[in-house]
Structure formats: C-alpha cells, structure tokens
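>>> sequence-free structure coming up:
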C-alpha cells in the first residue's frame, strides 16, 4: 500500500517536471491545510480559520490557478458565557453561536434579529446600529434613510456618499452615473453683438471674427468660407481694398498686415488711429499693443518702447504680476517658483523669492518664514499651512503627520509614562503574553545601579523600571536570538517610569537613538514617516499580525516615502483628468499594471477610490473599496472578505493593492487577504494601467512613494487637498 502511494507521487512529480520542461501548461494544485488558528473568543461563540496555498504544484506555463478559496473558517467555543450569550450571538442547544451576516443580537438573546431592509451587517453584530445601508449604486447617494437618486446636474459612482456637481456650464439628467453625462447644452440664441459657433457650443463677440485667434473650439470664427473671405464682410469686421479679405477690428495697427496691400498698417492711417480698450500706442504712435504686455521682457513694439529701461524702472506692475529684482520686468505671480526662470535675471526662482521648503511640523507664512504648527494640527515637508487633526483627536505642537493625532483619552493615558525610555513588548520566543506592554518613560527616578531589570528574555530590550536612586541606571538588554525576537537590546539607560499599556494583536517598540547612533534594524523593508521614523517589518508573527517597530533610518536602507493621497476631484485637477494630479508607475522587470500601498483607516460606509489611467492619462476605471464592498468598474463587485475586515476594522492599516498581469490582490503586511483573476475582457482594459490617482479618501490617508518606480504629478504636493470635508 505504502509503496503504491510513493510510486504515485513519483509519477506525478515526473509528469510535472516533464510538463514544465516541455513548456506545457501546468494547473495549480492545493497544498495541505495549515493547523486551525486560535479561537477568536473564549466563550459565547467565536471563529477560527486555516489556510492552504496553491503550491502543489504552482501554476506554470499559463496553467489555471487553484479553484476555490484558500481560507476555511469554522465556529468554535459555542458555549454560554456565565449562563447567557454575549451580544452578537444567540443561545442554541449546543451553546452560544455567533449571529450571521445581516443580523444582530443583544446580550442574552435566544435568536438573531434580521437587519432592516436595505441594510447589512458583518457577523457578530451587536445592535441595530451595526446594520448599515448597503453601498448605493452609481447615480445615487447615501442619506440617513437610505439611497436617493442624484438630482439633475450632478452625478455619482458606485458607493457614493454624495453627488458631485457637474463642471461649470454643463448639465446632466437626474441619476447620472459619471462626469461623461455632464454636457454643455446647445446654444439656442446669442446676445446682441455675439455670434454662435458653427457647432452650436458657444457664442463669441463679433469683434473676435477673423482676428487670427480662435474663439470657437471648431475654429469657425476664423473660417474663410464662413466669415473671412467674401464680397460682403460680417458685422464686427472690416473689408480690405481687394473687396474679398475680411479682418477683425482689433487687429488694426498691430504691426502685422491683415490686408494683402497692407492698408491696415500704413503710417498715414495708424498715426490717427485710436487703440481699442485694453491696448495702448507704442512710442512711435504707429502701433497698438496689449497693456498687459508692458515690461514683460519681450518687445511687442517695433521701436522697443514697451520695454524701455527708463520707463520700466518706474512702472508699477499690475496686481497679478511681480517685479523682477532688476526692476525692468514684470512676471505673473503664479509663475514664480515654478522651476522655470521667467525673469531675464532669474530672480523669480531665487532663494529670496523661493526659500527652502519648511520641514515637517511647520508651515510657510506669507512673509516666507517657517513657523511651527500649533497644537492639534500637523504638516508634512514643504507645507504652506497646517492641517487640523480629525475631530476628537489631539496632537502636540510641531506634529509631522496625521499619525501624531491621537484620541484625547489615549494621549492622557500615555502621559503616565512618557519619556525617553522604550516601549518593551512582553514577548518571549515570539509569543505575546496577554498582549500587554510596559511603557518605559519618565518616572520619579531611575533604579539603583545594579538593580535594573535583569537581562530580558530572548527578543526583549532591557531597561530599568520602577523608582529609586536618581543616579541609578537600567539593567542590561536582552541577548536576542533567531527564534523570532528582535535583536539584542542595549543596556537600559532610559529614565524609568510606570504605567502598563494594554494592546491588542499589534505589539510595537520604539528604538531609542544612542550616542553611538541609531539602533540598527534587522532588515530594511519599510517606509519613512514624516517625522523621520522608519516603519519596517520583522519576520516575527504574532497571531498573523506583524511586529512593526519605529526607529531612525539606517543609511544603508533603500526606502520609500509617505505622501498624501491628494484629492483629484476638484477644478484644479480637472475633476480627475489632469495628469499632474496622478502618479505614473513603471514596475520593475517591465511588468504591466499598478502596485500601490495606501495607509489609512478603512471604514464600513466610507468608500475610498483609486482612479486608474493609461500612460497618456485616459481613464480606465476606478477601484472603490470599503469594509463592506470591493468594486472595480465594469469587472468586479463583491463583499469585502471577513478576514480582510477583521484585519482592518477600527485601526489604521496599510493595504497593498496590486493589479498586475490580470490578477487583482489586496495584501496586509505580506499576507494575501483577497485575490481575483480578471476576465479576458477586463484584463485587456486594465493591463494598460500606468497611472493612478485618489478621490474620496480619508483625511489622514497616505501612500508609499517609491522614487525609482513612480513619477508624481506637480499638483500632488505635501500641501494638497486630501479630503473635501471634515471627518
């Protein structure tokens, strides 16, 4: 019997090897299941899961992925807690059982109550308040009583909380599902002295006819056939002596011949000609030019009088322009500090006009001085203003990111042990002891010398705790091993303090900077915060949650940078059509698609949106996601998996979203929580994705910018608008 099984495995191995070497397709096969995870509840009904991988064998040469799901769940500990069931479960003959999706129960219930019509809940909902409305379909928006149709001249996509107005002077019918429905209505009539463009899209003043400047998109105002050639010229134009050519009245005496014989530019005619409004005569009295062009560094007058040095030194620039340092030239203020010298002396890009950007935690004032952000605000590098912390959260002055904003109650608790010490995880051999941590900070004194905490167990940073002789010092650090702990900790020198901090699955440690330099990291995989701390991942897992210490960046590390998820749905960004509001990505090894890491708190009703474009900036579609639903335009729409909800609920998490080679995945700290293979039609569309942008994101969201893969648009700056309203 055993021999027969072995021969079967050998035969299968030889067949797979032959198929791979011959280039034949190999379909994926599932591995054995892992062990069941720990139960999520000690009583009253919980859940546990186990996983398997598509590695027996992995798909090769275009072979199919493994069918079905990689995760299996089951209920556990279905017995009553103290004689009754907790909220979110119900009593059965076998004990307490968790309420399924779209139901809820209060403590002691014998049955689960269905959520009201049109609403949904996750398993284990504890009250009707946990039942939330399902995301609205495109063309509608969420209200307190459910979905409502978007009114005329607005539109919305899937899962919207509000309807977006159509861009100026465009209209749309009720229930419109995208900006494509917003169109400019056809003109029915024009005002006096105006003419309608041939395509009916707009009216323009008749003085704009035949002036060599297009007023109509279709160019009909400069058409020889319609207006600029003929025996009779339309109102607003003049006819040349050839009785055929028509020209605009604004172009007389502009230094450029409009008539074949040049009679519109003769000295006799122009010396007595009065320039139209907004123009003035050159010094020779024979030419008109726009007043806006006075002293702009580029002569308009043939005699150069509009750029005369004596005149320009005493000239006052218009309000929208600024004088260059030499006093001879006016340049638009909006072009200052744009990286391109507009002043002939280059002063519009000088340090005096464009000082170095302010560091994170400060902002640039109108006087070009950096000032520290006040309490309860924060800023990134180069900010011109400080952003407010979300309502209910506070931060100290000079805060550098939204991560500095904490709930006020949490910050008060932290004050009990704040200082230069370390936050030490009570971890031994890679396990968490009841999820507790001791925070070492300022206390009433250091421990007496020699009486610090003994050498910590494997993976623990040492340090004194308690109070005592102020001249004392902490004990030695833990040795560290290869069994999942952090490296050996330095001898404890932090000031001692008290106050236990209870945490959940996540266990974090802040590595102090010593006189010899920053504490060295085990590896260099991670990102940098705005305050200079480095987030990286350890190999140690606790209940499949990864320890993520913060420390100063080792110079050897190749890292990314956190940038804000700038809102693209505004006029400046052309309502997500301006490529300067996008990130262009070139994946390594010429792979096709997009791969972006977004750090944020994903919520149930709040829909976040990743907008996808091809390389030229043409819209391909949008990926909407929340804790309730995941949607890819025209291709995917499914509930958010339970494990992904559990990993993200009520906490800031980093979603690694990838859309590559026809497969869409969401990962958190290296673990795949959701994976879908696109249909051939969808693959053809989204394989062209080369750019992405953000809309409808949380105010404290950020993404990982990888310099050697990404090119960020000029409007995606540290001071950009991230969200349209307070959350």
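Everything's here; your move. All values derive from a computational prediction rather than experimental measurement.

>>> Please make it C-alpha for all contacts and neighbour counts, starting now.
Fine.

>>> Nearest residue to the middle of this structure?
Nearest residue to the geometric centre of the chain (C-alpha atoms, centre = their mean): residue 565, 2.3 Å.

>>> Show the pLDDT at the closest residue to that residue other than its chain neighbours.
Of all residues not flanking residue 565 in the chain, residue 702 sits nearest, at 5.0 Å (C-alpha to C-alpha, 6 or more residues apart in numbering). For residue 702, the pLDDT comes out at 89.

>>> burial of residue 702, as a residue count?
Residues near residue 702, counting by other C-alpha atoms under 10 Å, number 22.

>>> Let me see the contact set for it.
Contacts of residue 702 were listed using C-alpha atoms under 8 Å, 6 or more residues apart in numbering, and they are 562-565, 598-600.

>>> Name the residues linked to it by a beta bridge.
Residue 702 has these beta-bridge partners by DSSP bridges: residue 564, residue 599.

>>> So it versus residue 113, what's the distance?
Computed as C-alpha to C-alpha, to the nearest Å, the residue 702 to residue 113 distance reads 39 Å.

>>> next one: residue 662
Residue 662 sits 41 Å away from residue 113, going by C-alpha to C-alpha.

>>> Please apply the same query to residue 649.
Residue 649 is 23 Å from residue 113, where distance means C-alpha to C-alpha.

>>> Those two - which one has more neighbours?
Higher neighbour count among residue 649 and residue 113: residue 113, with 20 against 15, using other C-alpha under 10 Å.

>>> Look at that one and report its pLDDT.
pLDDT, residue 113: 92.

>>> Please state the backbone phi and psi of it?
Torsion angles at residue 113 (phi, psi; degrees, to the nearest 10) stand at phi -90, psi 130.

>>> and what of residue 387?
The phi/psi pair for residue 387 (degrees, to the nearest 10) is phi -90, psi 140.

>>> Tell me which stretches of the chain form helices.
2-22, 267-270, 309-313, 408-414, 642-648, 680-686 (DSSP state H).

>>> mind listing what residue 235 touches?
residue 206.

>>> low pLDDT regions in this structure?
Low-confidence segments of the chain (pLDDT under 70): 1-23, 42-44, 79-83, 187, 408-560, 589-590, 718, 724-727.

>>> Could you report the separation of the residue of it most remote from its centre from residue 253?
Most distant residue from the mean C-alpha position of the chain: residue 268, 63.8 Å away (C-alpha atoms, centre = their mean). Here the criterion is C-alpha to C-alpha. By it, residue 268 lies 11 Å from residue 253.

>>> now residue 401
59 Å.

>>> Kindly report the same for residue 130.
Taking C-alpha to C-alpha, one finds residue 130 at 75 Å from residue 253.

>>> Of these two, which one has the most company?
residue 253 (26 against 18).

>>> Wait, that one touches residue 286, no?
Yes - if you go by C-alpha atoms under 8 Å, residue 253 and residue 286 touch, sitting 6.8 Å apart.

>>> any common contacting residues for these two?
Common neighbours of residue 253 and residue 286 (C-alpha under 8 Å, 6+ apart) are residue 270.

>>> Now for residue 226, how many residues are close by?
Neighbours of residue 226 using other C-alpha under 10 Å come to 13.

>>> meant to ask about residue 180, not that
Neighbours around residue 180, by other C-alpha under 10 Å: 10.

>>> gap between stretch 298-315 and the chain center?
Stretch 298-315 sits 48 Å away from the centroid of its parent chain (C-alpha atoms, centre = their mean, to the nearest Å).

>>> now do stretch 137-156
24 Å.

>>> just stretch 222-241 next, same as before
On C-alpha atoms, centre = their mean, the centre of stretch 222-241 falls 53 Å from the chain's centre.

>>> With stretch 307-316 instead?
47 Å.

>>> Equivalent analysis for stretch 103-118, please.
Distance, centroid of stretch 103-118 to centroid of chain: 37 Å (C-alpha atoms, centre = their mean).

>>> cool, stretch 236-245 as well?
Relative to its chain's centre, stretch 236-245 lies at 57 Å (C-alpha atoms, centre = their mean).

>>> Residues in contact with that stretch: which ones?
For stretch 236-245, using C-alpha under 8 Å, 6+ apart, the contacting residues are 193, 206-210, 228-233, 246-249, 259-261, 263.

>>> Sort out which of those residues are buried, if you could.
The neighbour-count criterion (16 or more other C-alpha atoms under 10 Å) marks 206-210, 228-229, 233, 246-249, 259, 263 among those as buried.

>>> from the residues you listed, which is closest to residue 625?
Distance to residue 625, by C-alpha to C-alpha, is smallest for residue 208 among these, at 49.3 Å.

>>> Go ahead and confirm that closest one touches residue 220.
No - judged on C-alpha under 8 Å, residue 208 makes no contact with residue 220 at a distance of 11.0 Å.

>>> So which residues of the stretch 1-150 of the chain form strands?
46-51, 71-76, 89-92, 95-98, 103-104, 113-114, 119-120, 132-133, 140-143, 146-149 (DSSP state E, counting those that start in this stretch).

>>> so what secondary structure elements neighbour the fourth one?
Other elements packing on strand 95-98 under the criterion 3 or more C-alpha pairs under 8 Å, 6 or more residues apart in numbering; DSSP states H and E are strand 89-92.

>>> The strand it packs on - which strands sit beside it in the sheet, and in what orientation?
By DSSP bridges, strand 89-92 pairs with strand 95-98 (antiparallel).

>>> roughly how far out does the partner strand sit from the chain middle?
41 Å.

>>> One more: stretch 574-581?
Using C-alpha atoms, centre = their mean, the offset of stretch 574-581 from its chain centre is 14 Å.

>>> With stretch 711-727 instead?
8 Å.

>>> quick one: buried residues of that stretch?
Per 16+ other C-alpha under 10 Å, stretch 711-727 contains these buried residues: 711-712, 715-723.

>>> which residues are in contact with it?
Contacts of stretch 711-727 with the rest of the structure, by C-alpha under 8 Å, 6+ apart, involve 379-385, 390-391, 563-567, 573, 579-585, 695-701.

>>> Can you select the buried ones from those residues in ChimeraX?
Those of these that count as buried under 16+ other C-alpha under 10 Å are selected in ChimeraX with:
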select :379,380,381,382,383,384,385,390,563,564,565,566,567,573,579,580,581,582,583,584,585,695,696,697,698,699,700,701
